[in-house]
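Visitor: Model the structure of this input:
(one chain, ligands or ions: 1)
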Amino acid sequence: MIELDGIDVSYGNIQVIWDLDLHVSEDDAVVSIVGPNGAGKSTLLKVMSGLHPVDDGRVTVWGSDAADLDPTDIVERGFVHVSEERNLFGDMTVRENLEMGAYTHRDGLEDTIREVYELFPILEERSDQLATSMSGGQQQMLAIGRGLMAQPKILALDEPSEGLAPQITDRVFEKIEAISEEITVLLIEQHVNRALKMAQRAYLLENGRVVREDTGTGLLESDHVKEAYL
Ligand code: ATP
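Guide: Predicted coordinates for the structure are as follows:
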């Protein structure tokens, strides 16, 4: 379980997150964070991953204070973040990229690769090709597959549909649904409608503050969300 408790976050001397509370546990299937560009969604994932510090408040990762952990510890405990940039190793093959994802969990690598290939057969078909030779949708699936190689308990996906054609987006969402049957997915998405439909719980973030927390359907039906985002 990851808990953010009253956190403030800044870049230099510009504060972007204000007194924010949020939690995600393995009891959740999908938790979504929605909100406009610049609201602070990606920043929250960086904080949870140990890639950016908080100025105030506390981040707890399965009971440990994140301030005492480095990013690798956080991955080992079970929180894996697939960033918007995907950060694939372009000069490595698909399979090598997947192997890199298992850096905290070398044991059982072959079994995990097998599971990833079952979920994404295209990655097995293209296993010897360079990551850069794949289409945008395939690269997104590779980035998600590499995240799964670390055997997360919570998989955070930052804008997985970014830059993808509608049909490919549908495929990626089908895969996310399938993943959420096994592990918890924390989803940041610009497709607000979809992200809220999938979510048992959701947060609406505006200007670095949680302005609403509700069930996905509850947020979807709120006048504020309907007027501003749908
Ligand atoms: P988007 O969907 O556009 O990525 P977001 O909700 O994920 O938006 P963040 O990327 O977390 O928002 O950005 C929150 C605020 O922090 C914005 O005002 C942004 O300009 C600022 N910001 C983000 N990264 C940096 C950085 N590396 N240095 C300085 N400011 C930053």
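Visitor: Could you list the contact residues of this protein toward the ligand?
Guide: By CB under 6 Å from any ligand atom, the residues of the chain that approach the ligand are Tyr11, Val16, Gly35, Asn37, Gly38, Ala39, Gly40, Lys41, Ser42, Thr43. C-beta coordinates here come from the backbone N, C-alpha and C atoms, glycine included.
Visitor: same thing but 5 Å
Guide: Tyr11, Val16, Asn37, Gly38, Ala39, Gly40, Lys41, Ser42, Thr43 (CB under 5 Å from any ligand atom).
Visitor: Among those residues, which pair sits farthest apart?
Guide: Tyr11 and Asn37 (15.4 Å; CB to CB).
Visitor: Give me the distance between the two termini of stretch 111-130.
Guide: Stretch 111-130 has its terminal residues 22 Å apart, counting by CA to CA, to the nearest Å.
Visitor: Give me the contact list for it.
Guide: 90-95, 98-99, 102, 105, 133-134, 138, 141-142, 144-145, 148-149, 151, 175, 178-179 (CB atoms under 8 Å, 6 or more residues apart in numbering).
Visitor: List the buried residues for the longest helix anywhere in the chain?
Guide: What stands out as the longest helix in the chain, according to DSSP state H, is helix 166-180. By 16 or more other CB atoms under 10 Å, the buried positions in helix 166-180 come out as Ile168, Thr169, Arg171, Val172, Phe173, Lys175, Ile176, Ile179, Ser180.
Visitor: Check the spacing between Met198 and the ligand real quick.
Guide: 18 Å (CB to the nearest ligand atom, to the nearest Å).
Visitor: do the same with Ala150
Guide: For Ala150, the distance to the ligand - CB to the nearest ligand atom - is 22 Å.
Visitor: Could you pull up phi and psi at that residue?
Guide: phi -80, psi 10 (degrees, to the nearest 10).
Visitor: Appreciated, that's everything.
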